[in-house]
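> Predicted model follows, preceded by the sequence.
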Amino acid sequence: MLKKSRSAASATCTLTFFLPTTALDGAVSVVGSFNDWTPGLHPLRRRSNGTASTSVTVPAGETVRFRYLGEQGRWFDDADADEITADGSVVHA
């Protein structure tokens, strides 16, 4: 799942990536154009509300490509992304 929070004052957009903990099978991180596709830089952390999440801040208007990476190298996309391509999920910040 994905939430966008835009800040007009700073011309940025905070993207919060989250999944229900029941959907997790081990550690999951989000990788994408915002972190040079580096695994482990943005791990989803378990929250008390039954989700696991992480956030990144990018310039407003930027197109962000990303995927989730689970254990054993399992890649998956986000159904809430603006679009899903052969290269992964896309969101327009």
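It's in.
> May I have the beta-bridge partners of the spatially most central residue of the chain?
In the chain, the residue lying closest to the centroid (Cα atoms, centre = their mean) is F17, at 3.9 Å. F17 has these beta-bridge partners by DSSP bridges: L2, T54.
> looking at it, it is touching L2, isn't it?
Yes - checked against Cβ atoms under 8 Å, the pair F17 and L2 is within contact range at 5.9 Å. Where you see a C-beta, it was placed from the backbone N, CA and C, and this is true even at glycine.
> shared neighbours, those two?
Common contact partners of F17 and L2 (Cβ atoms under 8 Å, 6 or more residues apart in numbering): D78.
> Tell me, how many residues neighbour the closest residue to L24 other than its chain neighbours?
Nearest in space to L24, with sequence neighbours left out and distances taken as Cβ to Cβ, 6 or more residues apart in numbering, is A52 at 5.9 Å. Per other Cβ atoms under 10 Å, the neighbour tally for A52 reads 19.
> element containing A52, please.
Using DSSP states H and E, the element containing A52 is strand 51-59.
> Which SSE is immediately downstream of that strand?
Counting by DSSP H and E, the next helix or strand C-terminal to strand 51-59 is strand 63-70.
> Export that following strand to CSV, keeping only CA atoms.
C-alpha atoms of strand 63-70 as CSV (Å, rounded to 0.1, in the frame of the first residue of the first chain):
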residue,chain,number,x,y,z
THR,A,63,8.2,10.0,-11.0
VAL,A,64,9.4,7.3,-8.7
ARG,A,65,9.9,3.7,-9.7
PHE,A,66,10.1,1.0,-7.0
ARG,A,67,9.5,-2.6,-5.9
TYR,A,68,9.4,-4.5,-2.7
LEU,A,69,12.1,-7.0,-2.0
GLY,A,70,11.4,-9.9,0.4
